[in-house]
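*Asks:* Here's my sequence, what's the structure:
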Amino acid sequence: MADVMEKTDLGEMSATELTAAYAAGTASPVEAVQAALARIETFDGAVNAFVTVVADEAIAEARASEARWKAGKPLSPIDGVPATIKELTRVKGIPFRKGSILGETDPSETDLEIVVKLREAGTPILGTTTSPEFGWKGLTHGPVGGNTVNPWDTTRASGGSSGGAAVAAALNMGVLHEGSDGAGSIRIPSSFCGVFGIKPTFGWVPSTGPTGLAELAHRGPLTRKVEDSGLFLNAVAGPSVNALYGRSPAQVPDFAAACRKGPEGIKGMRIGYARTLAGAPVDPQVAAAVDRAAERMAAMGAIVEEADPGFASPQKALLDLWYAAQAWAVEQANPTPEQREKMDPGFLSITEQGRLLSARDFISADQVRAQLKVTMAKFHQTYDALMLPTMPLVAFEAGVDVPRDSGMTEWTDWSPFTYPFNMTEQPAVSVNCGFDADGLPIGLQFVGRWFEDETVLALAAAYQAMHPEAFPSAPRD
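*Replies:* A predicted model of the protein is given here:
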């Protein structure tokens, strides 16, 4: 299923392909933005990935970029590359909706710092992408935003909470897509939609917006190509005096360079391969695809050994932290009874549970998180990375919170392999490693040591280079 044809359509190009064309004078940022807007116009009606599109503003930003390229003075290697922002991130000129009736209705007067940095890098902002209410679940549907569906099969879920970003990436409705990940929200939709996503080590991307999730909530990119995510991180990572949570080292690596090492760059890396965590069941087709990926990594020269990190499921602790944070967020908004009637019932349920938690409950959950960090630190004394499925299943029916007839009650029941690494704050990525019999993508996850994001980027980039997978040419019914 590899796409090996030379691209001539600007709407199909990666960031590096676009900027090479800008430098050569064979294409312009204006043309690239117009191509992205045309794809949004063509595809988005079938998938519902966008909340707001600001076409005029994006074209104006592209014209400024075009002038810089003509003068030989681009602001960065992603100057003029079309980008989108998740609706949980504040963007100047766009209402900060947050997927909720509680969101703002007037255009925001400021950008969150990650958007400021993208603008400083010269990226035209196309608009905002969909999220469930306050990003509360690993799916993207709700009373306000409707249902964001999977481009590989529009009857299936896109995943979430960065579902709109993942769908936009899969269809290349823009090239660089900002997302956020508090319990898997970049990696879940990346797996379901067959794109690349990285949850960076907490601290690389400054956390400058108040949130009850604190160190659980990472921001990062979703893209088709791994190297494009490296370029995105180069633009936004680093220390900030505005960081409310976490801190970044002063020296920031070249993330994109790590993506260019190829298979030679991963030879001798020690990978601990876990087929599951805490005994969670895995769909046989997913298991087979990830087993094949492990064999491929070994063939590229990595040292792959079966290894279990050895921790029990931290789900209860995660949910206590999660519910408390969401309860705090809703209390800040102070919804009226009329507003509550227009909110997601599942979201209201977890916020009520969070409201009833005690300080001791929170401290107990945080102790589980602390011990989990120690467990993974010891694992990484032996292994450069942990490899495992991103998800134990492929995308299921759109519009439901758990697969029908599964006996599951929480969305975290079907995503046991993502949230542990929010609790540890480690870098974690998802890259497509194949498809099931129905043509639905399967995600391969790498987890690395703290502030060694170059390792997981290099592993994913090497895998993608040797075993590229196709992207959908249009949404499929």
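*Asks:* From now on I want contacts and neighbour counts done on CA atoms only, so please keep to that.
*Replies:* Fine.
*Asks:* Hmm, Pro221 is touching Glu178, no?
*Replies:* Yes: using Cα atoms under 8 Å, Pro221 is in contact with Glu178, at 4.7 Å.
*Asks:* Output stretch 301-316 as CSV, nothing but the C-alphas.
*Replies:* Presented in CSV, the C-alpha positions along stretch 301-316 are these (Å, rounded to 0.1, in the frame of the first residue of the first chain):
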residue,chain,number,x,y,z
GLY,A,301,19.4,-3.5,13.2
ALA,A,302,17.6,-2.7,16.4
ILE,A,303,17.9,-5.1,19.3
VAL,A,304,14.4,-6.2,20.0
GLU,A,305,13.6,-8.2,23.1
GLU,A,306,10.3,-9.1,24.7
ALA,A,307,10.0,-7.1,27.9
ASP,A,308,7.2,-6.2,30.2
PRO,A,309,7.6,-2.9,32.1
GLY,A,310,5.9,-4.7,35.0
PHE,A,311,3.3,-2.3,36.3
ALA,A,312,-0.4,-2.9,37.2
SER,A,313,-3.0,-0.9,35.4
PRO,A,314,-3.0,2.7,36.7
GLN,A,315,-6.5,3.3,35.3
LYS,A,316,-8.2,4.1,38.6
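*Asks:* Show me which residues of it are buried.
*Replies:* Within stretch 301-316, the residues that count as buried by 16 or more other Cα atoms under 10 Å are 301-305, 307-309, 313-315.
*Asks:* So what's the model's average confidence on that stretch?
*Replies:* The average pLDDT for stretch 301-316 rounds to 98.
*Asks:* gap between that stretch and the chain center?
*Replies:* Chain-centre distance of stretch 301-316: 22 Å, with Cα atoms, centre = their mean, to the nearest Å.
*Asks:* can you pull the contacts of the most centrally placed residue in the chain?
*Replies:* Nearest to the geometric centre of the chain sits Ile186, at 2.3 Å (Cα atoms, centre = their mean). Residues in contact with Ile186 (Cα atoms under 8 Å, 6 or more residues apart in numbering) are 160-162, 166, 179-180, 197-199, 220-222.
*Asks:* List the buried residues of stretch 392-407.
*Replies:* Neighbour-count burial for stretch 392-407, counted by 16+ other Cα under 10 Å, picks out 392-403.
*Asks:* got a list of contacts for that stretch?
*Replies:* Applying Cα under 8 Å, 6+ apart, the external contacts of stretch 392-407 come out as 139, 141, 147, 149-150, 154-159, 191-192, 280-283, 286-287, 408-411, 414-417, 436, 440-442.
*Asks:* returning to that earlier point: in the buried residues of stretch 392-407, find the pair that's most separated.
*Replies:* Spatial extent of the buried residues of stretch 392-407 (Cα to Cα) is set by the pair Pro392 and Gly399 at 19.2 Å.
*Asks:* Per-residue confidence at Thr8, what does it come out as?
*Replies:* pLDDT, read off for Thr8, is 67.
*Asks:* I meant Glu397, not that one.
*Replies:* Looking at Glu397, its pLDDT is 98.
*Asks:* Same check on Arg224?
*Replies:* On the pLDDT scale, Arg224 gets 98.
*Asks:* how about it, what does it touch?
*Replies:* Contacts of Arg224 by Cα under 8 Å, 6+ apart are 14, 169-170, 172, 175, 195-196.
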